[in-house]
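>>> Below are the sequence and a predicted model; questions follow.
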Amino acid sequence: MELCIDFGGTEIKLAVIDGHRVLASGGIAVQGGPSDLAAAAVEARRLLEQTGAPEAVGIAVPGVVEPGTGRMLHANAKYDFLRDLDLSAWSLAEFGVPAAVENDARAALIGETSTGSAAGTRDAVLVTLGTGIGTAVLMGGMPLRGRTGHAGILGGHLTVDLDGPVCPCGNIGCGEALASTWALGASTGDDSSATQPEDEAAHVGGASTSSATQVQDSATQDQDSATQDQESPTQDRDSATQHQESPTQDRGSATRDQGSATQAGRVTMAEVFAGEAHREIRERYLRVWGAVVTSLVHSYDPAVVILSGGILRAGDAVSAPIEAYVRAHLWPSLTPPRFVVPPEPELSVARGLSVLARAGHLHTATPQEEQ
């Protein structure tokens, strides 16, 4: 039985899992300070009162985790207090067992390829679309981590437009700086319109599929010239983007403004993907996401691409044009990957943490590593 703790963007999610079965779950709002750790421990103990003591613990963080030590090397400002903290030792002190600590996107990938939508796959790429663009890579059954833990998880910071804005990461024209929830303010000319994907997910389900079909048809028409010089995925951006300010504003402040953004009638991602009022922004975002996924497929040659995140509640309106873009721009001899959208994305990270925690407790490999 594994206790799984996911330090998410707006909520710390907890679950107790026995095999593939969720025995208990809960969550607490993120405050953005050391008190979050104490609150997570209290919530975890509440769940464990229902299930009994855990045999293993898994913790996911939205940052770079150092291989071997499990320490978080870098994260956004909200979780800066976790930097260099030994979360495994914290788990040992709080729950009596050390924890397996992993990047959240990588944990989600392990969850989906172990017991989820891509179970049994040994070569996969996961892309989460939301506040930012999160990625993770599985090659030959092994999660790609690299020398310092950065490998595979920075796909959202691949350069898509050399003339694009400066990203908070320091790079120029990152996919995330061009097409993400936090970048939406710059896209619409309103830097304060960024919102969280969790809030908009409930409204995305009714998104129009007409523009998705148009983007898909356009991508298919380009297929014969896929290996020729391509138009930049972000070329011909509307005037609002051409004159946008560099989105180097504090990302935390954009998140804090989410409540007032909705009240003030500012544009949300849900509105971009529902109706035709923001069609140009929607089609540009789809092209940028398609370009990011194409670069990841070129780099890692996956058998499966897993698309996740709140905006994927729009279904084919998002996933179909991204897949069409990739197929139209893929290297000719590459076999196109299969695209999947997890039916229960809220369980992806917990499933992965359960696998990692159990493997660490038993000193065994993950299912993919065993194959």
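On my side now, so go ahead.

>>> So what's the residue count around residue 85?
Neighbour count for residue 85, taken as other C-beta atoms under 10 Å: 17. The way it works is simple: take the backbone N, C-alpha and C, and place the C-beta from them, glycine included.

>>> Could you do the one 5 residues further on as well?
A count of nearby residues for residue 90, using other C-beta under 10 Å, gives 19.

>>> Relative to residue 108, how far out is it?
With distances taken as C-beta to C-beta, to the nearest Å, residue 90 is found 22 Å from residue 108.

>>> Can you identify each of the strands in the stretch 51-200 of the chain by residue range?
According to DSSP state E, counting those that start in this stretch, the stretch 51-200 of the chain carries its strands in the segments 56-61, 63-65, 72-75, 99-103, 124-129, 133-139, 142-143.

>>> Mean neighbour count added to these, as TSV?
Output for these, formatted as TSV (neighbours: other C-beta atoms under 10 Å):
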stretch	mean neighbour count
strand 56-61	27
strand 63-65	22
strand 72-75	18
strand 99-103	27
strand 124-129	28
strand 133-139	26
strand 142-143	19
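
>>> Let me have those in a markdown table, adding mean pLDDT as columns.
Putting the strands of the stretch 51-200 of the chain into a markdown table (pLDDT from 0 to 100) gives the following:
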| stretch | mean pLDDT |
| --- | --- |
| strand 56-61 | 96 |
| strand 63-65 | 91 |
| strand 72-75 | 84 |
| strand 99-103 | 95 |
| strand 124-129 | 96 |
| strand 133-139 | 96 |
| strand 142-143 | 96 |
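
>>> Residue 150: which of the ones you listed is closest?
Distances from residue 150 to each of the strands of the stretch 51-200 of the chain were compared using C-beta to C-beta; the minimum, 5.6 Å, belongs to strand 63-65.

>>> which strands and helices sit next to the closest one?
Helices and strands touching strand 63-65, as assessed by 3 or more C-beta pairs under 8 Å, 6 or more residues apart in numbering; DSSP states H and E, comprise strand 72-75, strand 99-103.

>>> And the shortest one, how far out from the chain middle?
Right, strand 72-75. 16 Å (C-alpha atoms, centre = their mean, to the nearest Å).

>>> Using PDB, write out the CA atom coordinates for that strand.
Extracted as PDB, the C-alpha positions of strand 72-75 are listed here (Å, rounded to 0.1, in the frame of the first residue of the first chain):
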ATOM      1  CA  MET A  72      14.400  19.300  -6.000                       C
ATOM      2  CA  LEU A  73      17.000  21.500  -7.800                       C
ATOM      3  CA  HIS A  74      14.600  24.000  -9.200                       C
ATOM      4  CA  ALA A  75      10.900  24.900  -9.100                       C
END
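
>>> I figured residue 43 hits residue 12, correct?
Yes: distance between residue 43 and residue 12: 7.5 Å, which falls inside the contact criterion (C-beta atoms under 8 Å).

>>> Settle it for me: which of those two has more neighbours?
When residue 43 and residue 12 are compared on other C-beta under 10 Å, the one with more neighbours turns out to be residue 12, at 21 against 17.

>>> pLDDT wise, what is residue 261 at?
What the model reports for residue 261 is a pLDDT of 38.

>>> To clarify, my last question referred to residue 345.
According to the model's per-residue confidence, residue 345 sits at a pLDDT of 89.

>>> is it true that it touches residue 312?
Yes: with contacts defined as C-beta under 8 Å, residue 345 counts as touching residue 312 at a distance of 7.1 Å.

>>> who touches the residue nearest to residue 162 when sequence neighbours are not counted in this structure?
Spatial nearest neighbour of residue 162, chain neighbours left out: residue 173 (5.6 Å); criterion: C-beta to C-beta, 6 or more residues apart in numbering. Contacts of residue 173 were listed using C-beta atoms under 8 Å, 6 or more residues apart in numbering, and they are 159-165, 167, 234.

>>> Then residue 149?
When contacts are counted by C-beta under 8 Å, 6+ apart, residue 149 touches 64-67, 73, 103.

>>> helix or strand right after the longest helix anywhere in the chain?
Longest helix in the chain, counting residues (DSSP state H): helix 279-300. Under the assignment DSSP states H and E, the closest C-terminal helix or strand after helix 279-300 is strand 304-308.

>>> on that earlier part again, what residues are shared contacts of residue 43 and residue 12?
27-28.

>>> can you redo the helices and strands packed on strand 63-65 as CSV with distance to residue 57?
CSV is the format used below for these (distance: least, C-beta to C-beta, whole Å):
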stretch, distance to residue 57
strand 72-75, 16
strand 99-103, 4
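
>>> what comes up buried for stretch 156-173?
156-161, 164-165, 167-168, 172-173 (16 or more other C-beta atoms under 10 Å).

>>> Out of those, which sit inside helices?
With helices taken from DSSP H, there is no overlap with these.

>>> and of the residues you listed, the nearest to residue 352?
Each of those was scored against residue 352 by C-beta to C-beta, and residue 156 proved nearest at 18.8 Å.

>>> got a list of what the residue nearest to residue 345 when sequence neighbours are not counted touches?
The shortest distance from residue 345 to any residue that is not its chain neighbour, by C-beta to C-beta, 6+ apart, is 4.7 Å, and that residue is residue 308. Contact analysis of residue 308 by C-beta under 8 Å, 6+ apart lists 108, 112, 126-129, 341-342, 345, 348.
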